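Novice: give me coordinates for this.
(one chain, ligands or ions: 1)
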Amino acid sequence: MSAEASEQIEGEEEKRRKRQGWAPWKRILVATLVLLLSVGVAYQQRPQLRWFAQQSPLLRGIGIGVGRGDGSTSSSCGCQGFNEFQGVVEDCCCDYATVDSLNKEFLHGILQKLVKTPFFRYFKVRLWCDCPFWPDDGMCRLRDCSVCECPENEFPATLKGLASDHLTCQEGKPQGVVDRTLDAQAFQGWTESDNPWTYDDETENGDITYVNLLLNPEKYTGYTGVSAQQIWEAVYNQNCFKDGERDTCAERRVFYRLISGLHTSISAHIAGDYLLDETTAKWGKNYGIMHDRVLMHPERVQNLYFTFLFVLRAVTKAEAYLSQAEYSTGNGAEDQETQELVRRLVNCQRLRTACPIPFDEAQMWRGSDGAELKQQLQNHFRNISALMDCVGCEKCRLWGKLQILGLGTALKILFSVEGQDSSAHKLDLQRNEVIALVNLLSRLSESLELVHEMAHREREREREGGRAAGREKALRQHNIH
Ligand SMILES: Cc1cc2nc3c(=O)[nH]c(=O)nc-3n(C[C@H](O)[C@H](O)[C@H](O)COP(=O)(O)OP(=O)(O)OC[C@H]3O[C@@H](n4cnc5c(N)ncnc54)[C@H](O)[C@@H]3O)c2cc1C
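Specialist: Now for the predicted structure:
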């Protein structure tokens, strides 16, 4: 063997020895990389896995499951602008982008139509109530705060006779008196079942009115100051959602996020329809309010998405029940259209494919203290429901009650029905619960649209402002006036 050949053999031998020496840790490294890569791919492709990842302290620790699916964690959200939301909605199983396109192209349109139908536009409510927690602090200062009851010709035939002499505009003095014995007749085909999540308004007879929601849109009412603050404070603090966003208990975090998402939605509607000039009665969009109360708090926008998905999940879970329910108001063609719209809403193939389980309720109450925790949160939610009687502005109280009842209905559907749908299980909903649920989903859907539209306009205005400032600077530099 030549010296050259033996050198070559030695070289090869040396390389082999080196390879053997490195092999064990290299193999572990490669295997770990492959594993992480597969988890990452599965995580991106299967939204259901993300909820699991979000619940795992280990995965939360390394940043999987907490953030938006782009590797960032929720703690890094603070300084990002609204348009930068990407990946998965935290605690949920659906992408921001998917929610946006589903809402824009499908859900928003259907919901807008549904809430205008005779069935969904009338809400039964007891508006003039005593606050069980502290003395009432009176009505708010604007006429827009008060609720107009339904003009007689608009009242659905099946409900006629219930509110006979009180079809006038209340202007802050609601006094509709309803004979409750007629309720069963008007609400034929619907059960009057209890909801463990809500404070039952209807058990105390009296002061029930039917309100046409289309005549009383949710908007700025001038309700502000100590009274409003006291309610929100009681909702957030007295009901033990103190750690809110950062709560490590998934169930408590979910509850906090539901309330915060609803709060964001209310703020969005205030900003979306604001009394810009009281002297000229000019109404319009208030970009400052939208910016200060919503857009500059990304976590509030995230909570809005979360609440939307939670309620959407409840609506789709109740598919069997809702698609078979009677939507009769005595307006044949319109009632048929209502039924058709409900079926389209609950049975949407596109939603099923793109976002099969918007929220996975099966993951809740699984710990050893699950039953106790559920009872505790049920009590807290009932308190929140009762707190709505303390809202010192009639129109805010109307929408507060409706939306809390809607959330309570979503909770009832998600946590009283086992499994994936309502068909095999008995689900009893009151007519008013269904009306509240669908109107709440519509409010949330509208808020998402408002937030998008106003964030987009705000960015455009900033760009225009930036360009104008740039032009001004250039002109100054060239001494041109
Ligand atoms: C049930 C209810 C319904 C109402 N409906 C209307 C209405 O229809 N029209 C109307 O004009 N006014 C309504 N209000 C009043 C309105 O919500 C505000 O309270 C009011 O406009 C004063 O706003 P604010 O800037 O002081 O902050 P608020 O909105 O009162 O917020 C109070 C505090 O809560 C925290 N917070 C705010 N938003 C969030 C969020 N999304 N998540 C977590 N924390 C948050 C902040 O620390 C804030 O300082 C309603 C109030 C209640 C309680």
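Novice: need the residues of the stretch 151-300 of the chain near the ligand, please.
Specialist: Within the stretch 151-300 of the chain, the positions adjacent to the ligand are 218, 220-221, 223-224, 228-229, 231-232, 260, 263-264, 266-267, 270, 293, 300 by CB under 6 Å from any ligand atom. C-beta here means a position set from N, CA and C on the backbone, and glycine is covered the same way.
Novice: select only the buried ones of those in ChimeraX?
Specialist: In ChimeraX, this line selects whichever of those come out buried by 16 or more other CB atoms under 10 Å:
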select :218,220,221,223,228,231,260,263,264,266,267,270,293,300
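Novice: pull up the distance across stretch 211-231, start to finish.
Specialist: End-to-end span of stretch 211-231 (CA to CA, to the nearest Å): 23 Å.
Novice: let me fix that: stretch 94-105
Specialist: OK, stretch 94-105 end separation, CA to CA: 16 Å.
Novice: may I see the buried residues of that stretch?
Specialist: 94, 95, 96, 98, 99, 102, 103.
Novice: and the residues you listed, which of them are in helices?
Specialist: 96, 98, 99, 102 (DSSP state H).
Novice: export the residues you listed as a markdown table, with columns for pLDDT and distance to residue 256.
Specialist: Below are those laid out as a markdown table (pLDDT from 0 to 100; distance: CB to CB, whole Å):
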| residue | pLDDT | distance to residue 256 |
| --- | --- | --- |
| 96 | 94 | 20 |
| 98 | 93 | 24 |
| 99 | 95 | 20 |
| 102 | 95 | 25 |
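Novice: buried sites along the helix or strand containing residue 342?
Specialist: Using DSSP states H and E, residue 342 sits within helix 332-346. For helix 332-346, a neighbour-count test (16+ other CB under 10 Å) marks 334, 335, 337, 338, 339, 341, 342, 345, 346 as buried.
Novice: show me where the stretch 151-300 of the chain has strands.
Specialist: 208-212, 274-277, 282-284 (DSSP state E, counting those that start in this stretch).
Novice: which other helices and strands contact the longest one?
Specialist: Read that as strand 208-212. Using 3 or more CB pairs under 8 Å, 6 or more residues apart in numbering; DSSP states H and E, the elements in contact with strand 208-212 are strand 122-126.
Novice: so the strand it packs on, near the ligand or not?
Specialist: No - judged by CB under 6 Å from any ligand atom, strand 122-126 stays clear of the ligand, getting no closer than 13.3 Å.
Novice: what is that strand packed up against?
Specialist: Looks like strand 122-126 contacts strand 208-212, helix 394-416, helix 431-477 (3+ CB pairs under 8 Å, 6+ apart).
Novice: the shortest one vs strand 122-126, what angle?
Specialist: Here strand 208-212 runs at 150 degrees with respect to strand 122-126, directions being taken by axes from the mean of the first three to the mean of the last three CA atoms, to 10 degrees.
Novice: do the same with the second one
Specialist: Here helix 394-416 runs at an angle of 100 degrees relative to strand 122-126 (the same axes, to 10 degrees).
Novice: excluding residues flanking it in the chain, which one is nearest residue 312?
Specialist: residue 358 (4.8 Å; CB to CB, 6 or more residues apart in numbering).
Novice: residues near that neighbour, how many?
Specialist: 27 (other CB atoms under 10 Å).
Novice: so who does residue 344 touch?
Specialist: If a contact means CB atoms under 8 Å, 6 or more residues apart in numbering, then residue 344 has residue 110 as its contacts.
Novice: on the pLDDT front, check it for me.
Specialist: On the pLDDT scale, residue 344 is placed at 95.
Novice: how close does it get to residue 438?
Specialist: According to CB to CB, to the nearest Å, residue 344 and residue 438 sit 13 Å apart.
Novice: next: residue 325.
Specialist: Residue 325 is 11 Å from residue 438, by CB to CB.
Novice: how about residue 377?
Specialist: 24 Å.
Novice: now swap in residue 109 and tell me
Specialist: Computed as CB to CB, the residue 109 to residue 438 distance reads 14 Å.
Novice: what sits against the residue in the stretch 101-250 of the chain positioned nearest to the ligand?
Specialist: Residue of the stretch 101-250 of the chain nearest the ligand, by CB to the nearest ligand atom: residue 228 (3.3 Å). Residues near residue 228 by CB under 8 Å, 6+ apart: 391, 392, 393, 396.
Novice: in the stretch 351-481 of the chain, which segments are predicted with low confidence?
Specialist: 417-425, 480-481 (pLDDT under 70).
Novice: and the chain, by the same measure?
Specialist: For the chain, the ranges with pLDDT under 70 are 1-26, 28, 30-84, 128-130, 135-194, 200-207, 238-248, 417-425, 480-481.
Novice: go again with 50.
Specialist: Residues of the chain meeting the criterion pLDDT under 50: 41-81, 138-143, 155, 159-191, 203-204, 421, 424.
Novice: ok, and the most crowded of the contacts of residue 228?
Specialist: Busiest of these [other CB under 10 Å] is residue 393, holding 26 neighbours.
Novice: I'd say that residue and residue 224 touch.
Specialist: No - contact between residue 393 and residue 224 fails when scored by CB atoms under 8 Å: they sit 9.2 Å apart.
Novice: the residue lying closest to residue 115 once chain neighbours are set aside: neighbour count?
Specialist: Residue nearest to residue 115 in three dimensions, not counting chain neighbours: residue 442, with 4.6 Å by CB to CB, 6+ apart. Counted with other CB under 10 Å, the neighbours of residue 442 add up to 23.
Novice: show me the contacts for residue 442.
Specialist: 111, 112, 114, 115.
Novice: surely the last one and residue 213 touch.
Specialist: Just to be clear, that refers to residue 115. Yes - in this structure residue 115 lies within contact range of residue 213 using CB under 8 Å: 7.0 Å.
Novice: quick one: common contacting residues for these two?
Specialist: 121, 439.
Novice: sorry, back to before: out of the ones in helices among the buried residues of stretch 94-105, which comes closest to residue 403?
Specialist: When those are compared for distance to residue 403 (CB to CB), residue 99 wins out at 19.1 Å.
Novice: my guess is the closest one contacts residue 355, does it?
Specialist: Yes - contact status for residue 99 versus residue 355: in contact at 7.2 Å, counting by CB under 8 Å.
Novice: number of residues surrounding the nearest residue to residue 314 once chain neighbours are set aside?
Specialist: Distances taken as CB to CB, 6+ apart put residue 410 closest to residue 314, at 3.6 Å, once the chain neighbours are dropped. For residue 410, the count of nearby residues is 28 (other CB under 10 Å).
Novice: from residue 441, how far off is residue 410?
Specialist: From residue 410 over to residue 441 (counting by CB to CB), the distance is 9 Å.
Novice: hey, what's in contact with both of the two?
Specialist: Common contacts of residue 410 and residue 441 (CB under 8 Å, 6+ apart): 311, 315.
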